[in-house]
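**Q** Build me a model from this:
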Amino acid sequence: MDRSDISYFEEIAGSMNKKRVRYLVVGGVAVNLYGIERMTADLDLIVDLEESNLKKFISAMKELGYKPKVPVKAEDLISPAKRKEWIKEKGMKVFSFYHPKHPFRLIDVLIEIPVDFETAYAKRVKTKSSDVITPLASVDTLIRLKEIAGRPQDTADIYHLKRIKGEKQK
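**A** This is a model prediction of the structure:
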């Protein structure tokens with residue numbers, strides 16, 4: 001990741017923190033922040049899918065200029081019925097936001113959380129960059145998420161995450 005990537009992540013985290021959004025950074029960025037170098041093109045998030053939390057999240061996205069990648073309103077993300085419809089009819093796993101001035105800055109939000117959010121949030125690891133605290137999914141949560149996803153990159157990430165976990169336990 002270069003400095004512009006980090007500053008864009010800090011900007012997003014800072015905005016969400018100000019609004020007290022309950023979220024966790026997962027995916028490739030979380031893996032990078034644990035010290036495992038790998039390419040990633042987006043910021044993957046688990047956001048508490050509770051209505052008031054999603055409203056705060058969408059407000060943060062709008063204030064930063066992010067828009068849904070698909071032709072729907074951002075507020076549609078709030079509806080559990082809409083999320084279920086997207087999963088069933090479109091096989092959707094994430095709701096993506098992009099920035100019109102920076103189209104490669106993508107934010108993917110899981111629309112169905114495959115782990116218990118409360119447990120994952122309680123186990124979060126807080127990292128600090130500049131003056132911004134970013135909540136990361138714990139190594140154990142990341143491993144579980146990657147086991148569920150099961151892609152080749154996830155298998156490699158699991159290997160490295162288990163090494164990190166082993167080193168921390170020593």
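
**Q** going forward, measure contacts and count neighbours with C-alpha atoms only.
**A** Will do.

**Q** who's the spatially most central residue of the chain bridged to?
**A** Nearest to the geometric centre of the chain sits Leu45, at 1.2 Å (Cα atoms, centre = their mean). With DSSP bridges as the criterion, Leu45 is bridged to Val25, Val109.

**Q** Looks like it contacts Val25 (just checking).
**A** Yes - if you go by Cα atoms under 8 Å, Leu45 and Val25 touch, sitting 4.8 Å apart.

**Q** Could you measure from Ser129 over to Leu33?
**A** 10 Å (Cα to Cα, to the nearest Å).

**Q** And Leu24, by the same measure?
**A** Counting by Cα to Cα - Leu24 and Leu33 are separated by 13 Å.

**Q** residues in contact with Ala74?
**A** Ala74 sits next to 58, 67-68 when contact means Cα atoms under 8 Å, 6 or more residues apart in numbering.

**Q** biggest helix in this structure by residues?
**A** If you go by DSSP state H, the chain has its longest helix at helix 152-169.

**Q** Now it: buried residues?
**A** 154, 157-158, 160-161 (16 or more other Cα atoms under 10 Å).

**Q** And the helices in this structure?
**A** 3-18, 27-33, 51-63, 80-90, 117-122, 139-149, 152-169.
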